[in-house]
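K.L.:
3D model of this:
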Amino acid sequence: MKAWIESLLMWGLAAVLLFWFVGAHNRLVRLRSAAVQAYGALDALVMRQIDYVQGQVALQQQALAGQLKAEPGDAPPPQGAWTRAELGSMQAANAQLLAMLDATRARPLEPEAMAALRTALHVMLGAWERLHPESVIAFAADGTLSRPAPLLPAGGRSSSDEVVPLGWPEPTALIEIKRAQFNNAVAQYNAAISQFPAALLAWVFRWRAAAPLY
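P.N.:
This is a model prediction of the structure:
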């Protein structure tokens, strides 16, 4: 009788542990899925910014081609026209961001991929700000206008460790809202995998802490 009770208790404990681990696993899967979905929405909006910049590059290429064909005495180039060097720099930065976005799309929760995307993003935004410093507009995470819009280095944080709104080429509040939603989803996932038994499951499945987009 005593052995039967001990066996029953062991099986009960095993069942509790199993349900505990299954519950932790399902929660991690849900949090990972939420972060990936949030990134998908952000990805589409960053792609829209890339397309916008590429459209401006095409316009500047046409303007530059017209300048090369201009005869002496023709009207001067319009104010705000880019030089050949500026055009090349902007085009290269935009192409690099596009490449990093494509690479990150398949693994948005890998910190190395997000770090590379973050660097490419800030290079592109910095190049745009140098060409259009007077027209950079940023929005806070709640969608309200945030002026001025100081662009950060690749690290993406201010000295006070506060997240600063980014000044996007095509001003829109939606992209900052989606960026905040992705960062919040990442924070919730990272908090979950630091707890037991989720930490053990993360080790088994080789799930690491994700990185936000600052």
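K.L.:
what pLDDT, on average, does stretch 101-108 get?
P.N.:
Here stretch 101-108 scores 95 as its mean pLDDT.
K.L.:
buried ones in that stretch?
P.N.:
Neighbour counts over stretch 101-108 (16 or more other Cβ atoms under 10 Å) mark 101, 104, 108 as buried. All C-beta spots, glycine's among them, are computed from the backbone N, C-alpha and C.
K.L.:
who touches it?
P.N.:
With contacts defined as Cβ atoms under 8 Å, 6 or more residues apart in numbering, stretch 101-108 is touched by 35-36, 39, 43, 46-47, 50, 113-114, 116-117, 120, 210.
K.L.:
mind putting the residues you listed in CSV, neighbour count included?
P.N.:
Supplementary listing: those in CSV, determined by neighbours: other Cβ atoms under 10 Å:
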residue, neighbour count
35, 24
36, 16
39, 24
43, 18
46, 23
47, 15
50, 17
113, 18
114, 22
116, 17
117, 23
120, 22
210, 25
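K.L.:
tell me the one of those residues nearest residue 139?
P.N.:
Of all the contacts of stretch 101-108, residue 139 sits closest to residue 46, with 14.7 Å by Cβ to Cβ.
K.L.:
now do the helices in this protein.
P.N.:
Chain-ordered helices for the chain, with DSSP state H as the definition, fall at 2-69, 84-105, 111-131, 173-193, 198-205.
K.L.:
tell me what the third one is packed against?
P.N.:
What that stands for is helix 111-131. Using 3 or more Cβ pairs under 8 Å, 6 or more residues apart in numbering; DSSP states H and E as the contact criterion, the elements in contact with helix 111-131 are helix 2-69, helix 84-105.
K.L.:
phi and psi next, for residue 142.
P.N.:
Reported as degrees, to the nearest 10, the phi and psi values for residue 142 are phi -90, psi 0.
K.L.:
for it, give me its contacts.
P.N.:
Taking Cβ under 8 Å, 6+ apart as the definition, contacts of residue 142 comprise 177, 180.
K.L.:
TSV for the helices of the chain, including distance to residue 145?
P.N.:
Below are these laid out as TSV (distance: least, Cβ to Cβ, whole Å):
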stretch	distance to residue 145
helix 2-69	18
helix 84-105	24
helix 111-131	17
helix 173-193	8
helix 198-205	39
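K.L.:
between those, which one is nearest to residue 141?
P.N.:
helix 173-193 (3.5 Å).
K.L.:
what comes into contact with the closest one?
P.N.:
Outside helix 173-193, the residues that touch it by Cβ under 8 Å, 6+ apart are 27-28, 31-32, 34-35, 38-39, 41-42, 45-46, 48-49, 109, 138-145, 163, 165-166, 168, 198-199, 201-202, 207-214.
K.L.:
low-confidence ranges in the chain?
P.N.:
For the chain, applying pLDDT under 70 flags the ranges 1-24, 66-80, 147-163.
K.L.:
90 instead?
P.N.:
Counting by pLDDT under 90, the ranges of the chain that qualify are 1-29, 62-83, 132-165, 194-207.
K.L.:
still on that earlier bit, from the helices and strands packed on helix 111-131, which stretch is densest packed?
P.N.:
Compared across the helices and strands packed on helix 111-131, helix 84-105 shows the largest average neighbour count, a mean of 17 (mean count of other Cβ atoms under 10 Å).
K.L.:
great, nothing more from me.
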